[in-house]
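Enquirer: The following comprises the amino acid sequence and a computationally predicted model.
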Amino acid sequence: MKRSLICICFLMILDRPGHTQAAKAAPAFYIVLNSSTKACTVVDRMPRTDTLNITVASDTIFKTRAEAEMAVKTLTPCNQ
């Protein structure tokens, strides 16, 4: 009896839309350096670190693409 009551309460909690739907994440932009071409690009997804020629050029996470593109001009690995 206790188990069924606990299960019903748990299902009622999960039934609420606030708990079941994930919140929309804020946009994030990253600067990625391709070490074979020495070119930096701005990407909107988290860069994978297991790719051979791709490295993260900056540890900063930018909120807008314009901020990231301005930062590309100031980074030394991107200007070589």
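Expert: All right, it came through fine.
Enquirer: and the residue nearest the centre of the chain, which of the three is it?
Expert: Note on the chain: the residue nearest the mean C-alpha position is Met46, at 4.4 Å, using CA atoms, centre = their mean. Secondary structure, DSSP: H, G, I helix; E, B strand; the rest coil: Met46 is coil.
Enquirer: so it sits right up against Tyr30, yeah?
Expert: Yes. Distance between Met46 and Tyr30: 6.8 Å, which falls inside the contact criterion (CB atoms under 8 Å). Every residue, glycine included, has its C-beta placed from N, CA and C.
Enquirer: Tell me which helix or strand comes right after the helix or strand of the chain with the lowest mean pLDDT.
Expert: Counting by mean pLDDT, DSSP states H and E, the chain has its least confident helix or strand at helix 17-20, which shows a mean of 55. Where DSSP states H and E defines the elements, the next helix or strand beyond helix 17-20 is strand 30-34.
Enquirer: Mind exporting the C-alpha coordinates of the helix or strand containing Ala71 to PDB?
Expert: Following DSSP H and E, one finds Ala71 within helix 65-74. What follows is helix 65-74, C-alpha atoms only, in PDB (Å, rounded to 0.1, in the frame of the first residue of the first chain):
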ATOM      1  CA  ARG A  65      28.300  35.600 -32.200                       C
ATOM      2  CA  ALA A  66      29.400  39.200 -32.600                       C
ATOM      3  CA  GLU A  67      31.300  39.100 -29.300                       C
ATOM      4  CA  ALA A  68      33.100  35.900 -30.400                       C
ATOM      5  CA  GLU A  69      34.000  37.300 -33.800                       C
ATOM      6  CA  MET A  70      35.500  40.400 -32.100                       C
ATOM      7  CA  ALA A  71      37.500  38.200 -29.800                       C
ATOM      8  CA  VAL A  72      38.900  36.200 -32.800                       C
ATOM      9  CA  LYS A  73      40.600  39.400 -33.900                       C
ATOM     10  CA  THR A  74      42.400  39.800 -30.600                       C
END
